[in-house]
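Asks: the amino acid sequence is not available; the structure is as follows:
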């Protein structure tokens, strides 16, 4: 009997069934397990999809900020007035040397917002061509006529607020949930939707 125990197989009289007689899952047990898995997936899928959509919004805001930093860097290194333009109607935005500064198309970059995302800017900031602009001077400063803030919005979710900071030297993302002071200065009726 010791030899059988060490092999993991006991006789039927000791309470163990021989390996040849072990059985698998019944159909009922399998259905219950599948039902539990389906319930867990149904509960977690909406949360996961909101997480993915939220990441898309954050990534787009960070890409826009990276473009503002690149624009400032290019303005300084090339000694050119650089223009970061935003077309809120189409979701296009990009960077190019300002007209009159020897426009070189090789320096032009263009991006499009991801689907379901949109720019919201003050309607007073949009010119006759439908563009809102941020100008970076060759000394790295931001032109005083440039956008003070803009929103990147995804459907009805909380938008990402991007504001001019450090006395006109850069832009930054403001967490509107933690810092209400920025949102008090915005005329929400003037924002394009």
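Replies: Looks like it arrived, so ask away. Values in this document were obtained by computation on a predicted structure and should not be read as measured data. Numbers count the residues shown, from 1 in each chain.

Asks: state the helix or strand in which residue 130 lies.
Replies: Assignment of secondary structure by DSSP states H and E places residue 130 within no helix or strand.

Asks: got a list of what residue 138 touches?
Replies: Counting by Cβ atoms under 8 Å, 6 or more residues apart in numbering, residue 138 makes contact with 75, 76, 78, 79, 80, 81. In short, each C-beta sits where N, CA and C put it, glycine included.

Asks: widest-spaced pair of these?
Replies: 76 and 81 (11.2 Å; Cβ to Cβ).

Asks: where does this protein have low pLDDT?
Replies: When residues are selected by pLDDT under 70, those of the chain lie in 1-23, 48-54, 100-106, 176-193.

Asks: quick one, strands of it?
Replies: Secondary structure of the chain (DSSP state E): strands located at 82-87, 92-97, 109-112, 117-120, 132-136, 149-154, 160-165, 170-174.

Asks: which helices and strands does the fourth one pack with?
Replies: What it means is strand 117-120. Under the contact criterion of 3 or more Cβ pairs under 8 Å, 6 or more residues apart in numbering; DSSP states H and E, strand 117-120 touches helix 27-78, strand 149-154.

Asks: if you set the cut-off to 6 Å instead, what comes out?
Replies: Packing partners of strand 117-120 (3 or more Cβ pairs under 6 Å, 6 or more residues apart in numbering; DSSP states H and E): strand 149-154.

Asks: returning to that earlier point: wait, which of the strands of the chain is closest to residue 28?
Replies: Checking the strands of the chain against residue 28 by Cβ to Cβ gives strand 149-154 as the closest, at 44.4 Å.

Asks: partner strands of that closest one, parallel or antiparallel?
Replies: Here strand 149-154 is paired, per DSSP bridges, with strand 117-120 (antiparallel), strand 160-165 (antiparallel).

Asks: output the ones you listed as TSV; include the columns mean neighbour count.
Replies: TSV is the format used below for the strands paired with strand 149-154 (neighbours: other Cβ atoms under 10 Å):
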stretch	mean neighbour count
strand 117-120	20
strand 160-165	20
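
Asks: could you dump those strands to TSV with distance to residue 69?
Replies: As requested, these are exported to TSV (distance: least, Cβ to Cβ, whole Å):
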stretch	distance to residue 69
strand 117-120	18
strand 160-165	12
